[in-house]
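K.L.:
For reference, the sequence and a predicted model appear below.
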Amino acid sequence: MPSLSTRAVPWLLLALPGCGLGRDHADLPELEAIVAAYDQDPGGALVALAALPDPRDQVLAVEALTLRHGGAMLGAGGCGPIPAGPPRQRCQEILDRAHLFSDRAGAPAVEPADREVVRCDDVSSPAQCALQAAHQAVSAGSSDPHLACEQVPTATLRAECAFRVGEALILERGVDGYGSAVAACGQAGPFELNCLEHLSAQLARDRVAGWSGACMSQLDAAASAPLHAAREAIEQAWAPVDPALGERLLSRYAETLGAESLLAASLVPSVPAVGAPPYVSERVVLARYPSGGLRLDGPLEGPGAHPARARAARLANLASVLNTLEADVVLVEQLEDPAALAALRDATACLGDRRYPYAQLSPPAWGAGVLSRYPLTQDAAGVGVQLYPHSPGDLVLEWGTPDQPLVWRSERWSPPEGMPGEPSEVRLPFLLDPQGQPMAWNPAAKRGYSDRLPSMLVLVRAAGSPH
């Protein structure tokens with residue numbers, strides 16, 4: 001019987017030394033049948049895959065199967081049922097790259113090869129071999145390493161090779177490799193935007209590598225310099241050609257930097273109330289933000305998620321909103337976990353200049369919490385904010401529903417003349433998707449914020465009211 005490799009991808013006879021015609025191999029219809037059968041009988045398809053006698057055919061079948069059904073496989077336990085060794089390793093390589101299968105609805109079960117490829121010296125697939133050659137070109141300092149990707153046999157994996165070369169350039173050369181990495185992403189076809197965002201994320205991870213126990217807000221000028229250099233590299237590359245895309249890539253850099261720095265700092269230090277509270281004199285800023293739900297004691301956030309990294313990303317993104325708002329008192333909705341409220345307080349201080357030494361969780365029925373620069377008191381109706389010494393009733397925030405504005409009452413404080421008495425929505429650009437809608441938290445991608453935007457209200461002390 002002709003080899004699967006011979007029928008489906010003729011170049012594999014050259015790529016796999018010793019691949020003779022006399023051995024039993026799967027043919028192309030058998031490979032297509034395994035991939036197509038997964039929809040109706042996943043277990044049967046995996047049994048058929050494991051029954052292929054040649055590990056090289058198993059690797060090719062796994063490659064096709066995961067490219068087509070990776071999302072379903074993640075939900076069904078990942079690569080555990082795949083035969084151990086190279087087939088399972090190839091499965092995990094692809095499942096770790098969600099962009100390869102997340103947008104392939106309607107793609108053919110088996111993508112035909114359209115060119116000859118480099119030789120393989122083991123049971124790796126030809127795409128893996130070409131990728132290895134591309135990485136070697138990067139390590140050798142090639143000025144045009146993505147040319148190695150021309151040896152990848154199919155369009156999808158050729159685009160993935162360019163994607164991986166872009167990442168490798170950042171790993172090898174750091175900020176100095178950003179321009180070449182962007183050029184490599186330009187060859188990544190449908191994965192180009194994802195590739196560019198990964199470059200931003202990789203730059204952030206490189207900046208944080210080696211940190212231990214230090215919060216980003218505690219870094220001195222020398223330690224902060226590499227952070228600014230990476231940001232400037234992104235800005236200078238995109239400001240002249242596509243500022244909107246540049247802002248998106250900067251947001252990805254900032255998000256990853258925040259999450260990675262929280263992981264490095266481990267959120268060990270808490271934020272105590274130090275010294276006398278900073279009582280105000282004339283103006284206070286209130287904010288309301290729906291967290292989209294935040295727990296630190298719940299299940300994993302999505303199939304295959306890394307809980308520590310996912311929760312660090314969640315905390316970092318919410319903390320970045322609080323640091324940007326710079327409110328004095330924040331009502332954080334959709335939050336019922338006291339550990340999560342404390343962690344959000346600490347993350348905000350770890351990543352920026354905002355300190356909220358006072359935290360108060362609502363009764364369970366309301367599902368909210370308050371972070372404040374000023375002392376807090378609580379009763380059944382809401383929380384009192386002590387803006388002046390010995391005056392706990394200066395301002396009361398009442399527990400409300402998600403559909404209500406921030407409910408407040410005070411005899412000493414009111415909005416400035418001519419301004420509304422209800423919070424105004426704040427449309428921070430980094431909270432919006434390309435269509436201008438709030439970017440909700442996506443557990444699988446470990447990105448996003450909330451499905452609703454924050455709102456803010458400014459109050460001033462009423463004329464003649466005593467301190």
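P.N.:
That came through, no problem.
K.L.:
Follow the chain on from the worst-scoring helix or strand of the chain on mean pLDDT and name the next helix or strand.
P.N.:
When each helix and strand of the chain is scored by mean pLDDT, DSSP states H and E, helix 12-15 comes last, with a mean of 27. Following helix 12-15 in sequence order, the next helix or strand is helix 28-37 (DSSP states H and E).
K.L.:
chain center to that following helix: distance?
P.N.:
Its chain's average C-alpha position is 34 Å from that of helix 28-37, according to C-alpha atoms, centre = their mean, to the nearest Å.
K.L.:
so for that helix, what's the average pLDDT?
P.N.:
In this model, helix 28-37 has a mean pLDDT of 80.
K.L.:
So which elements touch that helix?
P.N.:
helix 4-8, helix 42-51, helix 55-75 (3 or more C-beta pairs under 8 Å, 6 or more residues apart in numbering; DSSP states H and E). Placement of C-beta: from N, CA and C, glycine included.
K.L.:
Which of these sits closest to A127?
P.N.:
helix 55-75 (7.0 Å; C-beta to C-beta).
K.L.:
So which bits of the closest one are buried?
P.N.:
For helix 55-75, a neighbour-count test (16 or more other C-beta atoms under 10 Å) marks 56-71, 73-74 as buried.
K.L.:
same thing with stretch 335-352?
P.N.:
For stretch 335-352, the neighbour count (16+ other C-beta under 10 Å) marks 335-337, 340-352 as buried.
K.L.:
Check those and tell me the two furthest apart.
P.N.:
E336 and G352 (24.8 Å).
K.L.:
Excluding covalently adjacent residues, which one is nearest to R452?
P.N.:
With sequence-adjacent residues excluded and distances taken as C-beta to C-beta, 6 or more residues apart in numbering, R452 is closest to P290, at 4.5 Å.
K.L.:
now L219
P.N.:
Leaving aside its sequence neighbours, L219 sits nearest to L227 (C-beta to C-beta, 6+ apart; 7.7 Å).
K.L.:
Can you give me the separation between the one you found and P153?
P.N.:
Distance from L227 to P153, counting by C-beta to C-beta, to the nearest Å: 40 Å.
K.L.:
now D242
P.N.:
Applying C-beta to C-beta, the value for D242 to P153 is 32 Å.
K.L.:
And L227 and P153? Which one has more around it.
P.N.:
P153 (25 against 19; other C-beta atoms under 10 Å).
K.L.:
hang on, the more buried one in a helix?
P.N.:
No. Under DSSP: H, G, I helix; E, B strand; the rest coil, P153 falls outside any helix and is assigned coil.
K.L.:
domains for the protein, by residue range?
P.N.:
4-112, 127-265, 283-461 (automatic domain parsing).
K.L.:
rank those by pLDDT, which is bottom?
P.N.:
domain 4-112 (a mean of 72).
K.L.:
now the strands for the stretch 301-450 of the chain?
P.N.:
Secondary structure of the stretch 301-450 of the chain (DSSP state E, counting those that start in this stretch): strands at 329-333, 358-361, 368-372, 376-378, 382-385, 395-398, 407-409, 413-414, 424-425.
K.L.:
who does the fourth one pair up with?
P.N.:
So that's strand 376-378. Here strand 376-378 is paired, per DSSP bridges, with strand 382-385 (antiparallel).
K.L.:
Buried ones in the partner strand, by neighbour count?
P.N.:
Neighbour counts over strand 382-385 (16+ other C-beta under 10 Å) mark G382, V383, G384, V385 as buried.
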